[in-house]
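**Q** okay, here's the prediction I keep looking at, along with the sequence it came from:
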Amino acid sequence: MPTLSVREVKIRGELRWERKRDTWRPEGFTGRWLCVAAGGDCLIDYANGACDAERELPLNSICSLAMAMQQFIGATGAPEAGVHTHSVAFSSFLLAACTGPIFSVIVVVALPEDEPAELSTAELRLKAVEIHTALKSSEFGEQLEILAGATGQEREDKATSYTLSSCLDANGKELGTPLPPEVASAAREVFATALSWRAAERLAAFLAELPESERREVRRLCLFDTRLETVCTVPNETSSVPPNTTDTLLLKAGEETSRNPSESAESTSVWTWAAESREMAVLCTRTSPFFLGALLFKLPEKSPGGHAPGDPEGEGLISRVSFDHLDHLPIFRGRLEDLALSFCDKLGLPSKPE
């Protein structure tokens with residue numbers, strides 16, 4: 001067993017502007033995808049692509065690491081009910097997971113030899129949520145949960161004796177619970193379908209379907225999470241987008257919305273820089289804990305920052321402004337919210353009320 005060192009644990013994120021340039025993101029979803037019961041047994045082991053390095057890892061070690069990760073995260077604070085996403089990076093691979101009370105979906109991805117300064121796991125975690133939702137809501141979902149739950153009684157006994165080193169040194173049998181053939185086949189089809197598309201494809205299609213008069217006002221579309229990690233960004237190649245355009249305004253709007261829940265009373269909001277700027281951000285929080293946003297050109301006749309003198313919303317680096325800034329884009333807001341709802345359906349998220 002090779003020696004492993006923990007590189008990074010991400011439970012909740014923070015915005016680190018100075019470290020965004022050297023960020024590694026996985027290309028596609030190549031890796032070893034697992035469905036693991038709460039008791040630690042592997043229900044599904046699905047290899048997507050040529051993941052030779054990931055296949056070399058013993059299955060029992062992966063499952064044990066996943067349980068140790070959940071145990072550590074649980075010790076840092078009791079999470080709310082429902083599913084949650086986490087990631088742990090080691091020296092040569094990372095684990096990203098969507099964890100639930102009955103079963104979890106986990107992906108193991110080998111890291112590049114040239115160690116990057118920063119890792120982004122947002123797209124992997126989003127896909128894990130999608131697969132978890134698809135498995136749970138499928139025709140065989142109840143049968144899968146019953147089988148996974150049958151191992152749950154052993155969880156507390158196992159957890160009390162688990163340490164990270166003992167898990168890695170275990171030489172017992174592979175942790176696995178065979179599924180009925182028809183359930184295993186249907187479950188693998190769920191993995192294959194989910195891993196065949198990327199969120200960026202939906203954003204690109206949304207942009208292409210906008211009327212030309214509205215599409216040319218869009219600089220870029222972005223999907224990111226409440227940790228302020230970008231899932232994907234789709235620039236508008238037909239618009240005169242400056243080469244140095246970034247997602248900074250969108251991320252700042254997301255940060256402000258996360259910090260002040262009152263700002264998210266509405267499912268959609270519009271933001272600008274407090275100083276003079278030619279850009280504004282439209283942020284849709286329907287997909288929380290993920291944000292769907294668009295960076296747009298701002299009409300020059302709108303006042304700097306879009307707020308009246310003395311308006312408290314104009315304090316700080318960014319300010320929230322009225323929907324009047326979208327008057328020249330009559331259908332954009334509605335279509336963006338429809339796109340967000342489609343992501344909610346895919347991820348099994350409750351849509352944020354109006």
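**A** Received the coordinates, thanks. The structure displayed is predicted, hence computed values, not measured ones.

**Q** quick one: the strands in the stretch 51-200 of the chain, in order.
**A** Along the stretch 51-200 of the chain, counting by DSSP state E, counting those that start in this stretch, strands occupy 84-90, 93-99, 103-110, 118-119.

**Q** where do the helices sit along this structure?
**A** If DSSP state H is used as the criterion, the helices of the chain fall at 52-55, 59-75, 122-137, 141-149, 155-161, 164-169, 181-194, 199-209, 212-215, 248-259, 332-347.

**Q** give me whichever of the strands of the stretch 51-200 of the chain is most buried.
**A** strand 103-110 (a mean of 26; mean count of other CB atoms under 10 Å). Glycine gets a C-beta too; all of them are placed from N, C-alpha and C.

**Q** tell me the strands beside that strand, with direction?
**A** Strands adjacent to strand 103-110 in the sheet, as given by DSSP bridges, are strand 31-37 (antiparallel), strand 93-99 (antiparallel).

**Q** residues in contact with that strand?
**A** 26, 29-38, 43, 51, 53-54, 57, 62, 66, 70, 92-98, 124, 127-129, 131-132, 135, 144-145, 148 (CB atoms under 8 Å, 6 or more residues apart in numbering).

**Q** which among these count as buried?
**A** 26, 29-38, 43, 51, 54, 57, 62, 66, 70, 92-98, 124, 127-129, 131-132, 135, 144-145, 148 (16 or more other CB atoms under 10 Å).

**Q** quick one: the helices of the chain as TSV, columns for distance to Glu266 and mean pLDDT too.
**A** TSV is the format used below for these (distance: least, CB to CB, whole Å; pLDDT from 0 to 100):
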stretch	distance to Glu266	mean pLDDT
helix 52-55	43	89
helix 59-75	32	82
helix 122-137	23	94
helix 141-149	33	90
helix 155-161	41	59
helix 164-169	44	56
helix 181-194	31	95
helix 199-209	21	95
helix 212-215	21	93
helix 248-259	10	89
helix 332-347	11	92
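
**Q** that older thread, any idea which of the strands paired with strand 103-110 has the lowest pLDDT on average?
**A** Among the strands paired with strand 103-110, strand 93-99 carries the lowest mean pLDDT, at a mean of 91.

**Q** and the angle for it with helix 332-347?
**A** Interaxial angle of strand 93-99 relative to helix 332-347 (axes from the mean of the first three to the mean of the last three CA atoms, to 10 degrees): 100 degrees.

**Q** Serialize the strands paired with strand 103-110 to JSON lines and add fields for distance to Asp327.
**A** Listed next are these as JSON lines, based on distance: least, CB to CB, whole Å:
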{"stretch": "strand 31-37", "distance to Asp327": "45"}
{"stretch": "strand 93-99", "distance to Asp327": "40"}
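
**Q** quick one, which of those gets closest to Pro211.
**A** Closest approach to Pro211 among these (CB to CB): strand 93-99, 36.5 Å.
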